[in-house]
Structures are given as C-alpha cells and as structure tokens.
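Student: Sharing a model that was predicted from the sequence below.
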Protein chains: 2
Amino acid sequence: MSATTHHETTINAPAGLPLIEIVREFDAEPARVFRAHVDPELFARWVGPRSIETRVEHWDARTGGAWRYTAHRDGEELAAFYGSFHEVRADGRLVQTFTWEGAPDGVALEVMTLEELPGGRTRLRGVSVGESVEARDAMVASGMETGVVEGYEKLDALLAERSSAGR
Amino acid sequence: MSATTHHETTINAPAGLPLIEIVREFDAEPARVFRAHVDPELFARWVGPRSIETRVEHWDARTGGAWRYTAHRDGEELAAFYGSFHEVRADGRLVQTFTWEGAPDGVALEVMTLEELPGGRTRLRGVSVGESVEARDAMVASGMETGVVEGYEKLDALLAERSSAGR
C-alpha cells in the first residue's frame, strides 16, 4: 500500500471545441515535474496506464527535437506514438505534437504549463488541441482518461520516491 | 504584366472554433506544389506578403525536423517565426507547428493536404489550429489574409516559371 497522496485529475472536454484540458497538482516543485516530462528514463516510468510498459525509441527533448515511444503489454507491442518537441522551456512550458501511428492522419498539439504553488508544489495545466471535435471525442472515447489518471498516480509515486531519496 | 492565372483563395474562420481553413487551387501537379513547401529556396521565394523578403535561418524538412525563418523589409528584420515539421509525407501531407517569436506563448498546428485534380492541377487544403478562438481571431486580425493571398500569387508565378522552363 502506498502512502503517496494522489490529487484529483480534472479532465475537461468543452462542448463544441476540439480540445481537452487537464489540470493536476503535484507535491513537488515545477522543476522536478518538468524533468519527469523531458528525461526519457523518468518519462517511461510513469506515462500511460498501469497495464502498459513504455519503451522510448527516440527522444530529443529540446526545442526543434522529436520523440517516439511504443507501448507494450506482456511483451507485445500494442501501440506506437511519435511527435515533435515544438518548445522545451525550462521554466515550465512544454509544447509537443502527438500522433498515434494507428491513426496516422490524426495529430494533436499539446501545451503543458507548470505553475509554482506554495509549499514547493506544482499545478500542471495541459491543453491538447486537435483538428476537429470528432477527433477530440474519439480520443476521449479511446480511454485516454485511464491512461492520464493512472499515469499521474505513477508520477506521484516517482516524485515521492525521489523526494525521500533526497534528490 | 504577368499572364499567370491566380485562383481564388478561400479563407474560412468558423465561428466558435479555434481554427482557420484555407482552400486554394494551383495549376501544377501536387508533387511540385509540395516541393515548393519543403525546398527552402523555393519556399523563401513565395511565402508571405509581397512587401517582405524571407530569409530561411534553419530548415530540416523531414518528419521530426524543425525550421526557422525571418521576414525583412528594407533590410530590417520585422519578424521571426519557428516551428517543427511534425510530418513530411511526400504524397502530399505536411504537418507543422508555427510560432511568431513576438508572441512566444502562441502556437498553431498547421496541416496541409494536397489533392490531385484533373489536368495536372492541385487543390491545397490548409487547416491552422490554435489554442483558443481569441488567438485565432488575433491571427486573422494581424493581416494574415494579405500574406496568404499574396504568397499564393507568388507561388502561382513560381510554378508557372518552372513549368515553362520544362522542370
């Protein structure tokens, strides 16, 4: 049983707009939350649902770089994703593109910003914008909420572990 | 006086949606229209309003690459833009991100697709998606229509020139 605190993840899909908004707080400073998004070894440890193992295939987390990772269950590749790092700003702004290779004509723009809260905590805001409300609805229907909620719970644990290790 | 045919450029900014849709036909095959978007020397010759000179500062037109160019008038740099090439698909799909450095927190996702028409002609569809309707409205208000319309007229001329040279 983990003693890590899990904050609520707010996922909002506004009617008639092709976007998904996510708000989530973390009990760690913005710099550490940011690092967990740009360091490929840390990222692979928390992203996605609990049932999935993530393998980073390519990762160049700088403005103008690109990335690709695959998702595995029981040794079988279930999905692959790729995109670009449009902007990697160390003060807490990360802008990426995102495509699931199973729907190669789909693409989303993802903007993450981190706000420092009192007590060394962080509020993450994520916006994912797609080409159409239909594509947005398909992403919501795909079960992305489970991946987001479980992923952030794994990130809580990762941040707590590194905190207690004094890093 | 140029004898080049200029087709109408349709620019649509749907109410309540954070996107701009562009439709434009060209009297050249998709492969040549595509090349004019990914070859930096050709691109610099046609993009933007007539009053502007474009200098490509960085250009890596492959999936996962990035780009940057500056706009000059009378030798003075007026603006700089940068982004990533999320996808460069030679059969006529180009997905890029776009930021004007004067508004560094703004970003748009641009998807261009080319459709072959009878007679060796092409229909270009472009969709530019931003984070909010307000940002979209600001881009429309910035005079982007002049740049798009004049740019495509320069592209008509470029395609006609290359055509008559037998390339």
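Tutor: Everything's here; your move.

Student: Show me which residues of chain A sit near chain B.
Tutor: Residues of chain A found near chain B (CB under 8 Å from any CB of the partner chain) are A:16-19, A:58, A:63-66, A:82-87, A:93, A:95, A:97, A:99, A:105, A:107-109, A:111, A:127, A:129-131. Yep, even glycine has a C-beta here, placed from its N, CA and C like the rest.

Student: Go through the lowest-mean-pLDDT helix or strand in chain A and flag the buried ones.
Tutor: In chain A, no helix or strand scores lower on mean pLDDT, DSSP states H and E than helix A:133-141, which sits at a mean of 86. Buried residues in helix A:133-141, counted by 16 or more other CB atoms under 10 Å in any protein chain shown: A:V133, A:A135, A:R136, A:M139.

Student: so who does the last one touch?
Tutor: By CB atoms under 8 Å, 6 or more residues apart in numbering or on different chains, A:M139 lies in contact with A:I20, A:A108, A:S128, A:G130.

Student: Tell me where chain A has strands.
Tutor: Applying DSSP state E to chain A gives strands spanning A:10-12, A:19-26, A:53-59, A:65-73, A:76-89, A:93-100, A:108-117, A:121-129.

Student: what's in contact with the shortest one?
Tutor: Taking contacts as CB under 8 Å, 6+ apart, the residues outside strand A:10-12 that touch it are A:I20, A:E21, A:I22, A:V23, A:R24, A:E145, A:V148.

Student: what do you get for the fifth one?
Tutor: Taking CB under 8 Å, 6+ apart as the criterion, the residues outside strand A:76-89 that touch it are A:38, A:52, A:57-58, A:60-72, A:93-102, A:107, A:109-110, B:63-64, B:66, B:83-86, B:97, B:99, B:107.

Student: Pipe the strands of chain A into CSV and attach mean pLDDT and mean neighbour count per row.
Tutor: Below are the strands of chain A laid out as CSV (pLDDT from 0 to 100; neighbours: other CB atoms under 10 Å in any protein chain shown):
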stretch, mean pLDDT, mean neighbour count
strand A:10-12, 93, 13
strand A:19-26, 96, 20
strand A:53-59, 98, 15
strand A:65-73, 97, 18
strand A:76-89, 97, 18
strand A:93-100, 97, 21
strand A:108-117, 97, 19
strand A:121-129, 96, 19
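
Student: Just list what the longest helix along chain A packs against, helices and strands only.
Tutor: The longest helix of chain A (DSSP state H) is helix A:144-164. Packing partners of helix A:144-164 (3 or more CB pairs under 8 Å, 6 or more residues apart in numbering or on different chains; DSSP states H and E): strand A:19-26, helix A:30-38, helix A:40-46.

Student: Could you export the strands of chain A as JSON lines, including distance to A:Y152?
Tutor: Below are the strands of chain A laid out as JSON lines (distance: least, CB to CB, whole Å):
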{"stretch": "strand A:10-12", "distance to A:Y152": "11"}
{"stretch": "strand A:19-26", "distance to A:Y152": "5"}
{"stretch": "strand A:53-59", "distance to A:Y152": "14"}
{"stretch": "strand A:65-73", "distance to A:Y152": "17"}
{"stretch": "strand A:76-89", "distance to A:Y152": "17"}
{"stretch": "strand A:93-100", "distance to A:Y152": "15"}
{"stretch": "strand A:108-117", "distance to A:Y152": "12"}
{"stretch": "strand A:121-129", "distance to A:Y152": "8"}
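
Student: now, among the contacts of A:M139, which is nearest to A:E116?
Tutor: Nearest to A:E116 among the contacts of A:M139 is A:S128, at 22.8 Å by CB to CB.

Student: From A:T97, how far out is that closest one?
Tutor: 10 Å (CB to CB, to the nearest Å).

Student: Between the two, which contacts overlap?
Tutor: With CB under 8 Å, 6+ apart, A:S128 and A:T97 have common neighbours A:A108, A:L109, A:E110.

Student: now the first one, which residues is it bridged with?
Tutor: Just to be clear, that refers to A:A108. A:F98 (DSSP bridges).

Student: from what I can see it touches A:G126, true?
Tutor: No. At 10.9 Å, A:A108 does not count as touching A:G126 under the criterion of CB atoms under 8 Å.

Student: what about the nearest residue to A:T146 once chain neighbours are set aside, neighbour count?
Tutor: Excluding its sequence neighbours, the residue lying closest to A:T146 (CB to CB, 6 or more residues apart in numbering or on different chains) is A:P49, at 5.2 Å. By the criterion of other CB atoms under 10 Å in any protein chain shown, A:P49 has 17 neighbours.

Student: Tell me how far the spatially most central residue of chain A lies from chain B.
Tutor: With distances taken as CA atoms, centre = their mean, the residue of chain A nearest its centroid is A:V47 (6.0 Å). Distance, A:V47 to chain B, using CB to the nearest CB, to the nearest Å: 19 Å.
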